[in-house]
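Student: Here is a sequence with its predicted model. Questions after.
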Amino acid sequence: MAGFVAFKGNGAKVPYKKFMLSRPVRNEKVEWDRTSNDAIKLYMPFTKTPFMNLIGRFIDIPEERIFKFNPMGSMVWELCDGHNTVQDIKEIIVQRTRGNEKDMEKRLLKFLNRLMRSDLITLDMT
């Protein structure tokens, strides 16, 4: 795969090679734990805007957003430790699942982009 990878839904694009060498880092504000079925559940504090405070007088606004990952998403989440590169994560997933490399890469990039858009991870590109 060559070219560019969309970055965080803001229209910016990162060269593919640079993206694959970047290191996903979990947001420190996110708390997480493992569920009984070996999946991971995340708790992200909900940042309230002035508008949300206003409408909060009329409806209940949650204090946090909750994300539940399946086993594959859970594996990726644990590997987003700031040490593994996107390339490392891809190789680990392909090895553990014995999946098709191109398919796994496509799914991984889509999932990482969703994590970034939700502010659950950032990319260390240094």
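Tutor: Thanks, I have it.
Student: Skipping adjacent residues, who's closest to Asp124 in space?
Tutor: Arg23 (4.3 Å; Cβ to Cβ, 6 or more residues apart in numbering). All C-beta spots, glycine's among them, are computed from the backbone N, C-alpha and C.
Student: Share the number of residues neighbouring that neighbour, please.
Tutor: 20 (other Cβ atoms under 10 Å).
Student: Then the one 3 residues further on?
Tutor: A count of neighbours around Arg26, defined by other Cβ under 10 Å, yields 17.
Student: and if you look at Met116?
Tutor: 19.
Student: repeat for Thr122
Tutor: By other Cβ under 10 Å, neighbour count at Thr122 equals 17.
Student: Going along the chain, name the helices of this structure.
Tutor: 16-21, 50-55, 71-79, 86-97, 101-117 (DSSP state H).
Student: Can you list the buried residues in stretch 107-118?
Tutor: Across stretch 107-118, burial judged by 16 or more other Cβ atoms under 10 Å covers Arg107, Leu108, Leu109, Phe111, Leu112, Asn113, Leu115, Met116, Ser118.
Student: Most widely separated two among those residues?
Tutor: Arg107 and Ser118 (16.6 Å; Cβ to Cβ).
Student: mind checking how far the nearest residue to Arg96 once chain neighbours are set aside is from Ala12?
Tutor: Closest residue to Arg96 in three dimensions, ignoring its sequence neighbours and counting by Cβ to Cβ, 6+ apart: Met75, at 7.0 Å. Noted for Met75: a distance of 27 Å to Ala12, by Cβ to Cβ, to the nearest Å.
Student: Compare these two and say which is more crowded by neighbours.
Tutor: Met75 (17 against 10).
Student: give me every residue that touches the more buried one.
Tutor: Counting by Cβ atoms under 8 Å, 6 or more residues apart in numbering, Met75 touches Ile92, Ile93, Arg96.
Student: hang on, the earlier thing: out of the helices of the chain, which comes closest to Asn37?
Tutor: Across those, closest to Asn37 is helix 71-79 (Cβ to Cβ), at 8.1 Å.
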